[in-house]
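**Q** just to be clear, the model below is a prediction. Sequence and coordinates:
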Amino acid sequence: MEIYILRHGIAEEGRPGQPDSARRLTGEGKEKLRRVLSTARAAGVRPGALLSSPYVRAVETAALAREVLQLDAPIEETEALTPLESPAGVWDQIRRHRRVDQILLAGHEPQLSSLVAYLIGAPGEAVEMKKGALARVDLEAWGPQPRGRLVWLLTAKLAGG
């Protein structure tokens, strides 16, 4: 399985009284995500499942992925992809979708950097997911603990943003 991990794009600053979960993507954030996702589309990224944090900026990121990658899969919101949840909980969600060849996860830091490290068996802070970055991890084993390999990590800057 190819696992695509997509950090949400640049989001608006929080306003007094606004919950963090309600922050939206900025125009710049959307544009940079489009560049990353267009590059991914040219590389053959076509997930059969699309999971997202329920936070607005992550759902908007997943919706852009669905549009740019021309996917039929619905966006499945899961609390497992909220910022402070454990990578093990995300692994459980991934395992539920083992029948697809590719899966895309849209979420937040600090969880996504930890998730990539967890999937490849790397220690702690070994990976850094910038805003709008997309990582590909190829899964090599389905056991209780994942065994994957980081194939590439695409940032908005590398995609021309």
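**A** The structure has been received and is ready for your questions.
**Q** list the contacts for residue 33?
**A** 9, 25, 61, 64, 65, 68, 132, 156 (Cβ atoms under 8 Å, 6 or more residues apart in numbering). All C-beta atoms are positioned from the backbone trio N, CA, C, and that covers glycine.
**Q** try it again at 6 Å.
**A** Counting by Cβ atoms under 6 Å, 6 or more residues apart in numbering, residue 33 makes contact with 9, 64, 132.
**Q** what segments of the chain are helices?
**A** 27-42, 56-68, 87-96, 111-120 (DSSP state H).
**Q** need the ones you listed in TSV with distance to residue 147 and mean pLDDT, can you?
**A** Converted to TSV, the helices of the chain look like this (distance: least, Cβ to Cβ, whole Å; pLDDT from 0 to 100):
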stretch	distance to residue 147	mean pLDDT
helix 27-42	24	97
helix 56-68	26	98
helix 87-96	11	95
helix 111-120	8	94
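**Q** columns distance to residue 138 on top of these, output as TSV?
**A** Listed next are the helices of the chain as TSV, based on distance: least, Cβ to Cβ, whole Å:
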stretch	distance to residue 138
helix 27-42	15
helix 56-68	19
helix 87-96	13
helix 111-120	10
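**Q** closest to residue 17 out of those helices?
**A** Residue 17 lies closest, by Cβ to Cβ, to one member of the helices of the chain: helix 56-68, at 15.3 Å.
**Q** just the CA atoms of that closest one, as PDB, please.
**A** The C-alpha coordinates for helix 56-68 follow below in PDB (Å, rounded to 0.1, in the frame of the first residue of the first chain):
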ATOM      1  CA  VAL A  56     -12.000  22.800   8.900                       C
ATOM      2  CA  ARG A  57      -8.600  23.500   7.400                       C
ATOM      3  CA  ALA A  58      -7.900  19.700   7.100                       C
ATOM      4  CA  VAL A  59     -11.200  19.000   5.500                       C
ATOM      5  CA  GLU A  60     -10.600  21.900   3.000                       C
ATOM      6  CA  THR A  61      -7.200  20.300   2.300                       C
ATOM      7  CA  ALA A  62      -8.800  16.900   1.700                       C
ATOM      8  CA  ALA A  63     -11.400  18.500  -0.600                       C
ATOM      9  CA  LEU A  64      -8.700  20.200  -2.700                       C
ATOM     10  CA  ALA A  65      -6.900  16.800  -2.900                       C
ATOM     11  CA  ARG A  66     -10.200  15.200  -4.000                       C
ATOM     12  CA  GLU A  67     -10.600  17.900  -6.700                       C
ATOM     13  CA  VAL A  68      -7.100  18.100  -8.000                       C
END
